[in-house]
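# next input, structure requested:
(3 chains)
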Amino acid sequence: MALLDENRLFPTDPAVRGLARDLYDGVRNLPIISPHGHTDPRWFAENAAFSDPASLFVTPDHYVFRMLHSQGIDLDSLGVARVDGGPTEQDPRKIWRLFAENYFLFRGTPSRIWIDHALQEVFGVTERLSAASADAIYDHVAACLTQDAFRPRALFERFNIETISTTESALDNLKWHGMIRDSGWGGKVITAYRPDAVVDPEFEGFAANVALLGEMTDEDTTTWDGYLAAHRNRRAVFKAFGATSSDHGHATARTENLSTGDATRLFDKALQGACSAEEADAFRGHMLTEMARMSLEDGLVLQIHPGSCRNHSADIFQRFGRDKGYDIPTRTDYVRALKPMLDAVGGERDLTIIVFSLDETSYGRELAPLAGVYPALKLGPPWWFHDSYEGMWRFREMTTETAGFYNTVGFNDDTRAFCSIPARHDVARRVDCGFLATLVATGRLDMDEASDVAHDLAYGLARRAYRL
Amino acid sequence: MALLDENRLFPTDPAVRGLARDLYDGVRNLPIISPHGHTDPRWFAENAAFSDPASLFVTPDHYVFRMLHSQGIDLDSLGVARVDGGPTEQDPRKIWRLFAENYFLFRGTPSRIWIDHALQEVFGVTERLSAASADAIYDHVAACLTQDAFRPRALFERFNIETISTTESALDNLKWHGMIRDSGWGGKVITAYRPDAVVDPEFEGFAANVALLGEMTDEDTTTWDGYLAAHRNRRAVFKAFGATSSDHGHATARTENLSTGDATRLFDKALQGACSAEEADAFRGHMLTEMARMSLEDGLVLQIHPGSCRNHSADIFQRFGRDKGYDIPTRTDYVRALKPMLDAVGGERDLTIIVFSLDETSYGRELAPLAGVYPALKLGPPWWFHDSYEGMWRFREMTTETAGFYNTVGFNDDTRAFCSIPARHDVARRVDCGFLATLVATGRLDMDEASDVAHDLAYGLARRAYRL
Amino acid sequence: MALLDENRLFPTDPAVRGLARDLYDGVRNLPIISPHGHTDPRWFAENAAFSDPASLFVTPDHYVFRMLHSQGIDLDSLGVARVDGGPTEQDPRKIWRLFAENYFLFRGTPSRIWIDHALQEVFGVTERLSAASADAIYDHVAACLTQDAFRPRALFERFNIETISTTESALDNLKWHGMIRDSGWGGKVITAYRPDAVVDPEFEGFAANVALLGEMTDEDTTTWDGYLAAHRNRRAVFKAFGATSSDHGHATARTENLSTGDATRLFDKALQGACSAEEADAFRGHMLTEMARMSLEDGLVLQIHPGSCRNHSADIFQRFGRDKGYDIPTRTDYVRALKPMLDAVGGERDLTIIVFSLDETSYGRELAPLAGVYPALKLGPPWWFHDSYEGMWRFREMTTETAGFYNTVGFNDDTRAFCSIPARHDVARRVDCGFLATLVATGRLDMDEASDVAHDLAYGLARRAYRL
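Numbering: from 1, shown residues only, chains lettered A, B, ... in the order given. Presented below is the predicted three-dimensional model:
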C-alpha cells in the first residue's frame, strides 16, 4: 500500500503520460532551489527537534486550519494562538484527532497532496489519515520527531535543498542567520529584504519603525535622503547574509515615480501619521520604484506580491490576529499600475522585477503581455491559492503563448510548512513535465527541447532569475 | 438509433471513462433533489395535461427563444406574449416547425443536450429534430401529452423527484401550494421565500407592495419594526408550506449592516419613493443582512443570486417585458461586497448562506477563498449560462482546490422547463463523475473516496445544505 | 525529417484524434477567406520580390521582436526603424542570426508554429532554426526569394487565397488597390474602411485630417452634416474597391447615441481641439453608432476592436513610435458600453456588428450572452495574443455553449506577416476540428453535424458574415 500514485498528476493518455514520465525522470532528483519562502531560520540555527505532529502539520498551516474552520471548527480547538493570550487547545493529540477526523474535507485540494507526500516520503506512513488511523499515525510521526534524522538540518539535507531563502523584516537583527553562518553547517539558508514595516505609512508603528531603522543604520531617517540611505545600508547587511532579493506585499500593484519634492512631502506626512489612504498608497507605490532603483545599484531582485485583501474577518482579526486564513484575493490592475515604475526602469537589462498575481484573469490579459516585452519584468510562479495542480496548469496555459517559458522564473514554494517543500516542488515538476509532454504530443515542441525546458523550469530558471 | 450516447460527457481516455462510468452507475438512479427552481406549482396542483409541444419546449424557455431570436427570428413568431396583448403566433405547430428548422443553431449548447434528453427519455423520440422530422415528432409528442402518464404528477414521479422547490414572491398567497397539500398527493413540492418586491425600493410599486405585505400579516409596515415583523410572519407562512430557503436576486452582491437608525431612515425614504439609486442599493444590501439575521432565528437558508444586468434591450423590454433572454451577466465584486454581512454573521455555524455567481472569474479569486474559510458561507452550483458541461467542469476546476467539495451544495436545476429536470441533473452527475474520475486517474483521490463524493454531489450535499 | 507533425494540435486521445483528423481532411484544402488583415496592398500591386529573410520574418513582426526584446535585445539591433531616422542594424544576415540564436525563446508560442510552418511549407526548410542552422536557412530562403514563384502574387495563388482584405485609413487614396484592379490580375484583394484618424479627436492632427476628408469628398466637413456626408462618400469609394467592412480600434468598447445637437457640439469642440478626454471618448463612442447607421444604408459590416492600451512604454514610443510590441490588453466592459449602440440598432436583422475582445474573461460572461441574443451582434474570432492554440480552444469552450457556432464569424488572420497566413488558418482549422471531434467523442454532436460545422468555421461563416 502507498498513499502516493507513482504517476500522479501526469496526463491520463498513456502515450502522453509516457512522455511526461520520461521528462520527469530527468528532473525529479535535481536539487531544490527555494528562492522565496517563509521557513523559520531559527530551525536551522538551533536545529532543535520539532515538538509534535500537530504543531508541525496543523497549527502553523493556514491552508489546513482555514478549511477545518470553514466547516465550523473553532480556531481555538486547533491550538491557534489568541491575541489576548487566552486558553486554546494545548493537547497536540486532540488537535491531531480533530484534523484526522476531518481529513476528508481536503479531498481534491493541494493540501491533501502535500500532506500525503510528507507523511509517506518524510515519515514512511502508508495508511490514509482518518479517525481510525489518527492515533497510530500520530504515534509514529511523534516517534520519528525524537530522532536526529528528523531535525531541521537533517531534513534540509535529505530534502536535497541547494539554497533556501527565508524572509525577514528590514528591522530584523538577523541573529538566527548569524548563528547559521557561524555554526559551520554547510546548508545554504539566505534571507530576503522585506521592508513593509518601514515603507507602508499604514503599518502599525510606522514612525517608530522608521526611527528604529535610523538607529540600526546610524542614518538620520527623519530626512528623505537619510531614509533612503538607511534602506541602502540595510539592504547591504541583508546581502551580507546572502540576500539576493527584496519582497513587497502591497494591497495593489500600484507604482508611482514621484519627484523628489513630492516624495519628501509624502514621507514627512507619513512620519507625522498625517497621510490620507490615497497618500499612503502613493507613497508605497513610489517606494517600489525607489527599491527598483536601489536594485540597479546593488543587484537585489525585486519581488512584488500584490492583490490580497488581508484580514477580511474583523472578528477573527481581533481575536486571532494576522495570517489566519482570512486573506482573500481581489482583482488587481497591472497595466496602468505598473506603468510609472516600468517607465522609470522597465527597459533595464540588468534589473529583474518579478511580479506575482492572485488574479488569474491577469495572466493572459496583462502579465504575459507585459513580461513578454519589458526586459526587466518576469512572471513569478502561480501563487498562494493557485500553487496547485490546476493553478499551475492554468498558469502555463495562459502565459506561455505570449511570454514563453523564459520570461518566467521557475518555481518557488512560498511556504512555512517545512515538510511540504519537497512535495510542492515535486508537484511543480510533475505539472510542468505534463504540460511539456502535452506540447510534444501535439506537435508544438520536440522532445529534446522539452527536456531542456523541464530542466530550466525545475532548476535553472530559479537559479538564474534569483542570481543564486 | 438513439439521440443520446450512453457515455456522453465522460472523459475520452478509455481508462478514465471506465472510472467515470463506474462512479456514475453508482449515482445515476439516486432520487432528484431540486432545492431551487422555477417550475409552476399550479402544474402539480391542478395536474392538467400540458397543452402542446411548443408551449412545453419553446415558448417558455428563454434559452431556446433567445438563440432563435439572435439569428433574426422575431419573438412574435415564436409565440412569446406581447406586453400590449397584441397578436403573436398562436399555432403551436408553426412555432415547432420554426424551432425544428433552426435546431442546428443549438449545436454545442446545453439546450441541445437537454432537449434531446427530454425527447428520448421522456417521449421516446429517437430521430434528430430537423425540418424533415418536425411534424412527426410534433405529432408523437402531442399524442403523448394527451395521456395520463404525461401529466405533471405522473412525470414528477417518473422523474424520481424526492423534493422540488418552487419560488414565490413574498406577496404570493401560495394557493397552489395549498391545493397540493390538501390534495393528498404524496409529491413533495415546497416553496421558497423571494421578497424582491418588498425589499427593493426600485421594484415597481414598492410602497404598495409593502402596504400589501402589512395587510397580509396584520403588521404596521409603515414602521421599520412592523416591516421586519411582517417579513418574519411571511417567512413563517412559507415555512408552513415547506420552505427551507429564501432567495435574493440583486444586481450586485452588495451587503450592508446599517444601524437601526440609518436603516429606518432609508426605509422611510423608500416608502416615499425618495431613495437615490445609491440609497436603494444600500437598502437592498442591508436587507440581506436582516434576512440573514432572521435565518438565524428560523433556519431558512439564504440564497444570493447577484450579477445580472436585467432587460438589456430597451426595445424588447418595452414590447415583451421581463425575462426575455436579454439578461446579461456583469462583473461582480464579492470580497468587499459581502464583508458587511459576513462581519455580522459569517462566523455563525448554524447559518447557511449560499452564493451564486454569473462571473466565473470570481470562482477561484474570490468565492472559493471566501467559502473556504467562513463557516456560514457555501458556494451554489454553476448558474444560468454556466449550467452546462463546460461551465460545471470549470466550476469544479476553479473551486475545488481552495474550497473543497464540502463547501459546495450539490446541484440545482434552477429551471421552469419541467421536462429538462432529469436531463440537467443527469448532466451534473456525469460531469461530476468525470471530474472525480480524473482526480482518481491522476492520483489525487482514491476510488472509494470518489464514490463517496459522487454520492454527496448528486444527493447528500443538496439535502443537507438545504435542510431537506 | 520535418519541422511539422502531421497530427499537430489535435487531441491526444487516439480515438478523438482520428475524428479530428477526419474532420480536418474535409476542410484543410478549402480556399482561404481572409476578411480582416494588414497585408500591404503594394505587394500585390507591384508584385516585387521580397528583399530578404529578415525583413520578411523578423523586422515587421511585432510578435517576434517583442519576445527578443523582452530578453534584453535592443530593437535597433533587430533593424526596427527609429523615429529620428538614426542608425539601426542594416545587415539582414546579422538580424537573422540574432533571431536564430534566440529561436528557443519561442518554444510554446504560436510564433514558433507559424514560422516553422512558413519555413517548411513555403520554403521547404526541414531543419530547426538555431544558431547552427542560421546561415544555411538564410541562404536557402534568400535564394527562394529571387524566384518568381516567391513573388507576392504567386504566393497569393499558392496559398489558395480566395479573398483577402487589407485595411486602409479613410484618408488613403487607395492607389495600390487601383493598381491591382487595373493590372488585370485575378487575385481578389479588397480594402476595409478604417476611419480612426477622422473619428478620434485625440488622433494626431484630427482637425487637419477632417479638413482633408472634406477636400477628398468635396463636402463641407466643418459642419456635422457635411462631416457625415463625407464619411458616406468615402465609404462608397471604399466599397468600389471591394470593401465590405469598416474597422474601429478604440481604447474601450464605449458607444453612445447622442442627440444631433449634442453630437454637433462635441464635433465642433473636437475640431477646435477643445474636447476633454471624456468628451473625446464620448465622441468616438457616438461615431460607432453613426457608423452602424451608415452600415444599415450601405451594407458594410461594422468591426469593433477595443481594449488595447497602446504604446505602454513612453521610452519606446518616443524612440521607435507606434506598434512596437508595447500594446497591452486591458479589462473592458461590454455590457454597459455597447448598450447605447445596441439600443439604437442591435435588433436590426440586416446589420452585422462584429465585436472582438482582448479580455478573455468577457467571452462567457458578456460577449456570448450578448451575441446569443442580439440579432445584429456577432463574435469575432480570438484576437491578437489569443490567436493561438490555447486561445482558440478557450474561445470555443467559453462561447459555444451560450452563443453557439452560428453567432461567430469564422477565422481571420489579422496579420501583416504574409507567409504566416496559411499557417494561421491551418491552426484555426486544426483547433476547430479538434474541438468538434471532442464534442463528437463526448456525445454532444454527431459526426455529420461536426463535418458541416467544420466547413462553416473554415469557410462559410467568414464568407457569409463579411458578405463576400
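
# the most centrally placed residue in chain A in helix, strand or coil?
Central residue of chain A (C-alpha atoms, centre = their mean): A:Asp414, 2.0 Å from the mean position. When classified by DSSP: H, G, I helix; E, B strand; the rest coil, A:Asp414 comes out as coil.

# show me the domain layout of chain A.
A:14-48+A:151-465, A:49-150 (automatic domain parsing).

# could these go into TSV alongside mean pLDDT and distance to B:Asp200?
(Glycine included, C-beta is placed from N, CA and C.) Below are those laid out as TSV (pLDDT from 0 to 100; distance: least, C-beta to C-beta, whole Å):
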stretch	mean pLDDT	distance to B:Asp200
domain A:14-48+A:151-465	97	26
domain A:49-150	97	31
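
# return the most buried member of these.
Greatest average neighbour count among the domains of chain A goes to domain A:14-48+A:151-465 (a mean of 20), per mean count of other C-beta atoms under 10 Å in any protein chain shown.

# check whether that one comes near chain B.
Yes - judged by C-beta under 8 Å from any C-beta of the partner chain, domain A:14-48+A:151-465 comes into contact with chain B at A:14, A:309, A:312-316, A:325-331, A:358-361, A:385-386, A:388-391.

# restricted to strands, list these.
Of those, the ones assigned to strands by DSSP state E are A:Cys309, A:Ile328, A:Pro329.

# which of those residues sits closest to A:Gly72?
Proximity of these to A:Gly72 (C-beta to C-beta) peaks at A:Ile328, which lies at 19.1 Å.

# how close does that closest one get to B:Glu366?
In this view, A:Ile328 and B:Glu366 are 6 Å apart by C-beta to C-beta, to the nearest Å.

# and what of A:Ala20?
For A:Ala20, the distance to B:Glu366 - C-beta to C-beta - is 32 Å.

# same question for A:Glu390.
16 Å.

# how about the strands in chain A?
So, for chain A - with DSSP E - the strands run A:32-34, A:161-165, A:168-169, A:189-190, A:193-194, A:245-248, A:301-304, A:308-309, A:328-329, A:353-355, A:377-379.

# now those strands in CSV, with distance to C:Pro195?
Formatted as CSV, the strands of chain A follow (distance: least, C-beta to C-beta, whole Å):
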stretch, distance to C:Pro195
strand A:32-34, 54
strand A:161-165, 55
strand A:168-169, 57
strand A:189-190, 58
strand A:193-194, 52
strand A:245-248, 45
strand A:301-304, 40
strand A:308-309, 43
strand A:328-329, 41
strand A:353-355, 37
strand A:377-379, 35
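
# out of these, nearest to B:Leu56?
strand A:328-329 (44.2 Å).

# spell out whether that closest one and chain C are in contact.
No - Strand A:328-329 stays clear of chain C (C-beta under 8 Å from any C-beta), getting no nearer than 14.6 Å.

# tell me the gap between that strand and the middle of its chain.
15 Å (C-alpha atoms, centre = their mean, to the nearest Å).

# and the contacts of it?
With C-beta atoms under 8 Å, 6 or more residues apart in numbering or on different chains as the test, strand A:328-329 has contacts from A:307-309, A:312, A:358-359, A:384-385, B:335, B:365-366, B:369-370.

# now for those, which pair is the farthest apart?
Going by C-beta to C-beta, the pair spanning the contacts of strand A:328-329 furthest: A:His312 and A:Asp359, at 15.9 Å.

# excluding its backbone neighbours, what's nearest the residue of the stretch 201-350 of chain A found nearest chain C?
Ranked by C-beta to the nearest C-beta, the top residue of the stretch 201-350 of chain A for proximity to chain C is A:Arg349, at 4.0 Å. Distances taken as C-beta to C-beta, 6 or more residues apart in numbering or on different chains place C:Gly72 nearest to A:Arg349, at 4.0 Å, with adjacent residues excluded.

# before we move on, what about A:Pro87?
Among residues not flanking A:Pro87 along the chain, A:Asp76 sits closest, at 7.6 Å (C-beta to C-beta, 6+ apart).

# that neighbour and A:Asp333, how far apart?
A:Asp76 sits 39 Å away from A:Asp333, taking C-beta to C-beta as the criterion.

# restricting to C-alpha, output stretch A:419-439 in CSV.
Taking Å, rounded to 0.1, in the frame of the first residue of the first chain, the C-alpha atoms of stretch A:419-439 are listed here in CSV:
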residue,chain,number,x,y,z
CYS,A,419,7.8,19.2,5.3
SER,A,420,5.7,20.3,2.4
ILE,A,421,8.7,21.7,0.5
PRO,A,422,9.7,18.5,-1.4
ALA,A,423,6.0,17.8,-2.1
ARG,A,424,5.4,21.3,-3.5
HIS,A,425,8.5,21.2,-5.8
ASP,A,426,7.5,17.7,-6.9
VAL,A,427,4.0,18.9,-7.8
ALA,A,428,5.5,21.7,-9.9
ARG,A,429,7.9,19.4,-11.6
ARG,A,430,5.2,16.9,-12.4
VAL,A,431,2.8,19.6,-13.8
ASP,A,432,5.5,21.2,-15.9
CYS,A,433,6.6,17.9,-17.3
GLY,A,434,2.9,17.0,-18.0
PHE,A,435,2.4,20.4,-19.7
LEU,A,436,5.6,19.9,-21.8
ALA,A,437,4.6,16.4,-22.7
THR,A,438,1.3,17.7,-24.0
LEU,A,439,3.2,20.2,-26.1
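
# please see if it touches chain C.
Yes - Stretch A:419-439 lies within reach of chain C by C-beta under 8 Å from any C-beta, at A:Thr438, A:Leu439.
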